[in-house]
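1. sequence isn't available, so here's the structure alone:
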């Protein structure tokens, strides 16, 4: 099965899943207005894990049937393109947070002696290096650490895709990908177990190499699904495929959500607990043949996924300024619901503008 534009469009349903993952992160950062039934920090941890794994899956999927050149020049060009795409909005949101970071106050009051520490952290954030330091990785735009970490993972795109291509050409490709995934999963579990007596927030959640396993698993998923479609799935009737995929999609979403409410060991919380449900969800939805996938391919839902990156970078700033403007705690259910919905809608509206400006800039450069 060649990867045509029509086949690529099948992956559009993944975009709304991206937005759902963002939504869980948003709800955690809006936890001051939390409702009893929300998954809170579990939802955020799952959402972040999903982002890393989905990035790998999309990388693997988009690279199928492409000629891969694993050279320093190709890697550098790819990273440069990623930075150009994410950096304008990132640096804008980072500079906005300077206004309430203390730097602005120290300058206005001429208290220059206090500037050394925050300016140092600002430089790390501007250079997207904050995830390489075990302290103050949430300063300024708190979600910037994710970009710092995922840029490190992007370094491995071409070597991993090159290896995946070699495995696909083997007569035992499905078995090799399966074994590779099991080995990576074992390495992730071992690493998290062995680091349980450390600063787990940093060494398991922030530290860039700690998230490499999820990215690799994502690449394996897309290759396995591609091979499965070619080798096995063609033997099933279209009617059976539609029913089976629809049931699997519903079941995978239920597993994904229910897993956020299950008990877990404390060292599993940041990565391990979320791996299997995310594997199942991505593997089923990347196939994209069920009724839920058809629903998620609706233009409005795809667009929400398209702007999820902008929402991700903007939402904490919106929440912060909203809290500062009302200057009271929302304790009643009506106030909490209003605060959550208002901040979410405002985030989406600003993200829509930012996304449109980014597209205009991209088109202008191409012209």
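-> Looks like it arrived, so ask away. Note that this is a predicted model, so its numbers are computed, not measured.

2. only C-alpha atoms for contact and neighbour calcs from this point on.
-> OK.

3. next, the buried residues of stretch 102-111.
-> residue 103 (16 or more other CA atoms under 10 Å).

4. distance between the ends of it?
-> 10 Å (CA to CA, to the nearest Å).

5. repeat that for stretch 206-219.
-> 21 Å.

6. same thing with stretch 21-37?
-> 17 Å.

7. for this protein, name the helix or strand with the lowest mean pLDDT.
-> In the chain, no helix or strand scores lower on mean pLDDT, DSSP states H and E than helix 5-9, which sits at a mean of 48.

8. which helix or strand lies directly C-terminal to that helix?
-> For helix 5-9, the following helix or strand on the C-terminal side (DSSP states H and E) is helix 13-29.

9. distance from the chain centre to that next one, please.
-> Helix 13-29 sits 9 Å away from the centroid of its parent chain (CA atoms, centre = their mean, to the nearest Å).

10. same question, stretch 299-314
-> That offset, for stretch 299-314, works out to 12 Å (CA atoms, centre = their mean).

11. state the three-state secondary structure for residue 179.
-> Of the three states, residue 179 takes helix according to DSSP: H, G, I helix; E, B strand; the rest coil.

12. ok, it to residue 217 distance?
-> Distance of residue 179 to residue 217, computed by CA to CA: 11 Å.

13. got the angle for the strand or helix carrying residue 335 vs helix 13-29?
-> Applying DSSP H and E as the criterion places residue 335 in helix 333-366. Interaxial angle of helix 333-366 relative to helix 13-29 (axes from the mean of the first three to the mean of the last three CA atoms, to 10 degrees): 130 degrees.

14. which residue would you name as the spatial centre of the chain?
-> Centroid check for the chain by CA atoms, centre = their mean gives residue 51 as the closest residue, at 2.1 Å.

15. surely it touches residue 18?
-> Yes: under the criterion of CA atoms under 8 Å, residue 51 makes contact with residue 18 at 7.1 Å.

16. tell me the pLDDT at the spatially closest residue to residue 107 that is not a sequence neighbour?
-> Counting by CA to CA, 6 or more residues apart in numbering, residue 115 is the residue found nearest to residue 107 once chain neighbours are left out, at 7.9 Å. According to the prediction, residue 115 has pLDDT 92.

17. from residue 104, how far out is residue 115?
-> Counting by CA to CA, the gap between residue 115 and residue 104 amounts to 9 Å.

18. residue 28 too?
-> Remark: distance between residue 28 and residue 104 (CA to CA) = 28 Å.

19. and what of residue 321?
-> 16 Å.

20. ok, now residue 294?
-> From residue 294 to residue 104 the distance is 49 Å (CA to CA).

21. quick revisit: list the helices and strands the strand or helix carrying the residue nearest to the centre of the chain packs on?
-> Residue 51 belongs to helix 41-62 when elements are defined using DSSP H and E. Judged by 3 or more CA pairs under 8 Å, 6 or more residues apart in numbering; DSSP states H and E, the packing partners of helix 41-62 are helix 13-29, helix 212-231, helix 272-287.

22. list the buried ones in the last one?
-> Along helix 272-287, these residues count as buried under the neighbour rule (16+ other CA under 10 Å): 272-275, 277-287.

23. what is the burial count for residue 29?
-> 18 (other CA atoms under 10 Å).

24. for the remainder of this discussion, apply numbering that starts at 161.
-> Understood, numbering begins at 161; the last thing we discussed is residue 189.

25. around the residue lying closest to it once chain neighbours are set aside, count how many other residues there are.
-> Distance criterion CA to CA, 6+ apart; nearest residue to residue 189, sequence neighbours excluded, is residue 476 at 6.8 Å. With neighbours defined by other CA under 10 Å, the count for residue 476 comes to 22.

26. how far away is the nearest residue to residue 254 once chain neighbours are set aside from residue 241?
-> Spatial nearest neighbour of residue 254, excluding adjacent residues (CA to CA, 6+ apart): residue 301 at 5.1 Å. According to CA to CA, residue 301 and residue 241 sit 22 Å apart.

27. and the two? Which one has more around it.
-> residue 301 (25 against 11).

28. helix or strand: which one has that one?
-> Assigned by DSSP H and E, residue 301 falls within no helix or strand.

29. equivalent analysis for the one 10 residues further on, please.
-> In the assignment (DSSP H and E), residue 311 maps to helix 304-314.

30. immediately after that helix, which helix or strand?
-> Per DSSP H and E, the first helix or strand lying C-terminal to helix 304-314 is helix 317-328.

31. do I have it right that residue 258 meets residue 300?
-> Yes: between residue 258 and residue 300 there is a contact under CA under 8 Å: 6.6 Å.

32. sec struct for the residue nearest to residue 189, please.
-> Counting by three-state DSSP, the backbone at residue 476 sits in helix.

33. does it touch residue 188 like I think?
-> No: applying CA under 8 Å, one finds residue 476 not in contact with residue 188, separated by 10.2 Å.

34. number of nearby residues for the residue lying closest to residue 230 once chain neighbours are set aside?
-> Among residues not flanking residue 230 along the chain, residue 318 sits closest, at 5.2 Å (CA to CA, 6+ apart). Residues lying near residue 318 (other CA under 10 Å) number 21.

35. swap in residue 260?
-> 13.

36. what's near enough to touch it?
-> Taking CA atoms under 8 Å, 6 or more residues apart in numbering as the definition of contact, residue 260 has no neighbours.

37. next, give phi and psi for it.
-> phi -120, psi 20 (degrees, to the nearest 10).

38. how close does it get to residue 253?
-> Using CA to CA, residue 260 is found at 12 Å from residue 253.

39. give the burial count for residue 448, as a bare number.
-> 25.

40. pull the contacting residues for it.
-> 170, 171, 173, 405, 454.
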